[in-house]
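# Fold the following, please.
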Amino acid sequence: MTGADVIPVSVLTGFLGSGKTTMLGHLLRQPEFSRTAVIINEFGEIGLDHELIETSEDSIVALTTGCLCCTVRTDLSQTLQDLLRRRDEGSCSRFDRIVIETSGLADPAPILHALMTDPIIAARLTLGSVVTTVDAVNGCATLEREPVSRKQVAVADRIVVSKLDLAERVAESALLRQLDALNPAAPTLRATHGCIESTSLFDAAFCDRRAGDAWLAEAARHAHHDHDTEITSFAVIRTAPIQAIALTLFLEALAEHCGADLLRLKGIVNIAESPHRPAIIHGVQHVFHPPAWLDRWPSADRRSRMVFITRRIPQPWVGVLLDAIAAEVADVSVRP
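Okay, here's the model as predicted:
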């Protein structure tokens, strides 16, 4: 690899005590994670085992497995730039992946915004997946009591349920139902004593065709909407291709009118001008990542499928907005 290679950045989030650091410590011992840099939020739990720590250099800690760990001393963008600079200079261990562990009380949206919009780091880094840990013992009560925990689940690409060895089966079933209601498109994985199958856990969730298959299938299956006390998930599906300008105007309208209440949007869209190469779209609140284009459709299903995780945004309004914009664009295009 060269210094200019694009490096995936994944986000590990989850409420206090949900097992983030335990799982991270397990992962960093695996050979496939030996070229990983971990960034710990300054309010995070830096509970990595002391046996892992090899040396300390400024804010960067080298681990015996070859990984790196550092804390956010100023802002995230500056920390990432500093890591990239040291990598290019050869003054730190070479890494091919970055994982950001948030604090248990953190809203992950600002981190995602920084990764999606910062022009300085965009050329070198790409957004990987958002992994959220949930405690099987206290998860239901936490989700009911703590709004930020529901948001952490809502923005996830993959959900890891921890402490299953301590949870009763009834509690586990209730938690899984609640997670499915909050975020039906995210696969639910299980960790035992912090151990989890690491294959593909932090793979890029949007630009890789294989990684996107699971949530695309879930999007098609969940064409209805599920309800939490304030967070709703639903899918908007359209058979007719959507013109590129209509999609652009639709996303701009969502950003302007929904803002913070649009927790997450993921989708595959059949663009009229490019019927053989679907567009993958991804948004967090008012920020949308530039569309990524797949080389081909991952299945025979050519419908546009968009999964919304929202707070107090009615599904009918979103559907009407899309149809109205698409109709207006079509009308303008046929005028003499």
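
# Name the helix or strand of the chain that has the lowest mean pLDDT.
Taking mean pLDDT, DSSP states H and E as the measure, the helix or strand of the chain with the lowest value is strand 226-227, at a mean of 43.

# Just checking, which helix or strand succeeds it along the chain?
Beyond strand 226-227 in the direction of the C-terminus, DSSP states H and E gives the next helix or strand as strand 231-238.

# Return the distance of stretch 296-316 from the chain's centre.
Its chain's C-alpha centre lies 16 Å from the corresponding centre of stretch 296-316 when counted by CA atoms, centre = their mean, to the nearest Å.

# Flag every buried residue along it.
297, 304-311, 313, 315 (16 or more other CB atoms under 10 Å). C-beta coordinates here come from the backbone N, C-alpha and C atoms, glycine included.

# next one: stretch 285-293
Across stretch 285-293, burial judged by 16+ other CB under 10 Å covers 285-289, 291-292.

# Show the pLDDT at residue 276.
At residue 276 the predicted local confidence, pLDDT, stands at 93.

# pLDDT weak spots in the stretch 51-200 of the chain?
51-66, 72-74, 170, 198-199 (pLDDT under 70).

# And the strands in it?
53-57, 60-63, 68-71, 97-101, 125-135, 158-162, 188-190 (DSSP state E, counting those that start in this stretch).

# can you put these in CSV and add mean neighbour count and distance to residue 117?
Formatted as CSV, the strands of the stretch 51-200 of the chain follow (neighbours: other CB atoms under 10 Å; distance: least, CB to CB, whole Å):
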stretch, mean neighbour count, distance to residue 117
strand 53-57, 11, 30
strand 60-63, 20, 25
strand 68-71, 21, 22
strand 97-101, 24, 15
strand 125-135, 25, 11
strand 158-162, 24, 23
strand 188-190, 15, 29
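
# Residue 248 is nearest to which of those strands?
Proximity to residue 248 (CB to CB) singles out strand 125-135 among the strands of the stretch 51-200 of the chain, at 20.1 Å.

# Walk me through which strands the closest one pairs with, and which way each runs.
strand 7-14 (parallel), strand 158-162 (parallel) (DSSP bridges).

# got the contact list for stretch 165-178?
The list of residues contacting stretch 165-178 from outside it, by CB atoms under 8 Å, 6 or more residues apart in numbering, reads 134, 136-137, 139-140, 143, 161, 164, 188, 192-193, 228.

# max-length helix in this structure?
Under DSSP state H, the helix in the chain containing the largest number of residues is helix 315-334.

# Now do the buried residues in that helix.
Per 16+ other CB under 10 Å, helix 315-334 contains these buried residues: 315, 318, 321-322, 325-326, 329.

# Stretch 232-251 now?
232-238, 241-244, 246-247, 249-251.

# and if you look at stretch 11-18?
For stretch 11-18, burial by neighbour count (16+ other CB under 10 Å) applies to 11-15, 17-18.

# Now it - C-alpha only, PDB.
Once side chains and other backbone atoms are set aside, the C-alpha atoms of stretch 11-18 remain, and they are given as PDB (Å, rounded to 0.1, in the frame of the first residue of the first chain):
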ATOM      1  CA  VAL A  11     -17.400   3.900  14.300                       C
ATOM      2  CA  LEU A  12     -17.900   1.700  17.400                       C
ATOM      3  CA  THR A  13     -20.600   3.100  19.600                       C
ATOM      4  CA  GLY A  14     -23.000   1.900  22.300                       C
ATOM      5  CA  PHE A  15     -24.300   3.000  25.700                       C
ATOM      6  CA  LEU A  16     -22.300   2.900  29.000                       C
ATOM      7  CA  GLY A  17     -21.500  -0.600  30.000                       C
ATOM      8  CA  SER A  18     -22.600  -2.200  26.800                       C
END
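
# now the helices: where do they sit in this structure?
With DSSP H as the criterion, the chain has helices at 20-28, 76-89, 109-117, 119-122, 139-145, 147-154, 169-182, 209-221, 244-258, 315-334.

# Which one, of the ones you listed, ends up nearest to residue 34?
Nearest to residue 34 among the helices of the chain is helix 20-28 (8.4 Å), distances taken as CB to CB.

# average pLDDT for that closest one?
Confidence for helix 20-28, expressed as mean pLDDT, is 85.

# for that helix, packing partners?
Using 3 or more CB pairs under 8 Å, 6 or more residues apart in numbering; DSSP states H and E as the contact test, the elements touching helix 20-28 are strand 7-14, strand 36-40, strand 97-101, strand 158-162.

# So for residue 180, which of the strands of the stretch 51-200 of the chain sits nearest?
Comparing those against residue 180 with CB to CB, the closest turns out to be strand 188-190 (7.7 Å).

# residues making contact with the closest one?
Counting by CB under 8 Å, 6+ apart, residues outside strand 188-190 touching it are 158-161, 164, 176, 179-180, 196-197, 201.

# Save those residues as JSON lines, and put in distance to residue 33 too.
As requested, the contacts of strand 188-190 are arranged in JSON lines below (distance: CB to CB, whole Å):
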{"residue": "158", "distance to residue 33": "16"}
{"residue": "159", "distance to residue 33": "20"}
{"residue": "160", "distance to residue 33": "15"}
{"residue": "161", "distance to residue 33": "21"}
{"residue": "164", "distance to residue 33": "22"}
{"residue": "176", "distance to residue 33": "27"}
{"residue": "179", "distance to residue 33": "25"}
{"residue": "180", "distance to residue 33": "29"}
{"residue": "196", "distance to residue 33": "12"}
{"residue": "197", "distance to residue 33": "13"}
{"residue": "201", "distance to residue 33": "10"}
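
# Since that was my last question, I'll sign off now.
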